[in-house]
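Chemist: okay, sequence plus prediction incoming.
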Amino acid sequence: MASFSLVTSLPKFAHVGGTIARRCMYKPSSVFLPVAHRRMQTQARSHQEASAAKAKEAVQEGVKQAKETGQNIKDTAASAADNVTQKAKEMAGKVSETAQDVAEKAKQTAQDAWGTAKDTAQKAKDTVIGKAEESKNCVQEKAEQVKKTMN
């Protein structure tokens, strides 16, 4: 039994390498058991870990680049939207200025037309009044002549 526990506990110390000889109590012959080197297992394991670490770094780099690309696209879209907004504001300002200019010109034209209409009416009034005065004077002169001729 003691040799069994020795055989089961020896693999824990197999990193030293080599083979373990075990003597069986019932048979006088020796049995040699090859033991796998743990160094090979640890090298393979460390190689796997290194590969996994490289893969992890590659994935992280890919994620980082994807995030940067997404941010660049977002910034470009935001910049384009800002440019469109700015152009729209500029155009709205120009349209507003043009509308104000047109309204001012229309107001001025209406005022000019009103002034012309007033002047024309005044001239017509003056002409009618002048003709009426002339007619009145003419009628008065004729009436005086008629009076003189009757006397």
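Modeler: That came in fine, so what should we check first?
Chemist: what about the lengthiest helix in the chain, average pLDDT?
Modeler: Ranked by residue count, the top helix of the chain under DSSP state H comes out as helix 38-150. Per-residue pLDDT over helix 38-150 has a mean of 86.
Chemist: so what are the domain limits for this structure?
Modeler: The chain resolves into domains spanning 1-36, 37-150 when parsed by automatic domain parsing.
Chemist: now those in a markdown table, with mean neighbour count?
Modeler: Heads up, the C-betas are built off the backbone N, CA and C, glycines and all. Below are the domains of the chain laid out as a markdown table (neighbours: other CB atoms under 10 Å):
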| stretch | mean neighbour count |
| --- | --- |
| domain 1-36 | 10 |
| domain 37-150 | 10 |
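Chemist: ok, now how distant is the residue minimising distance to the centre of the chain from residue 72?
Modeler: The geometric centre of the chain, computed from its C-alpha atoms, lies nearest to residue 78 (CA atoms, centre = their mean), at 2.0 Å. Using CB to CB, to the nearest Å, one gets 11 Å for the distance from residue 78 to residue 72.
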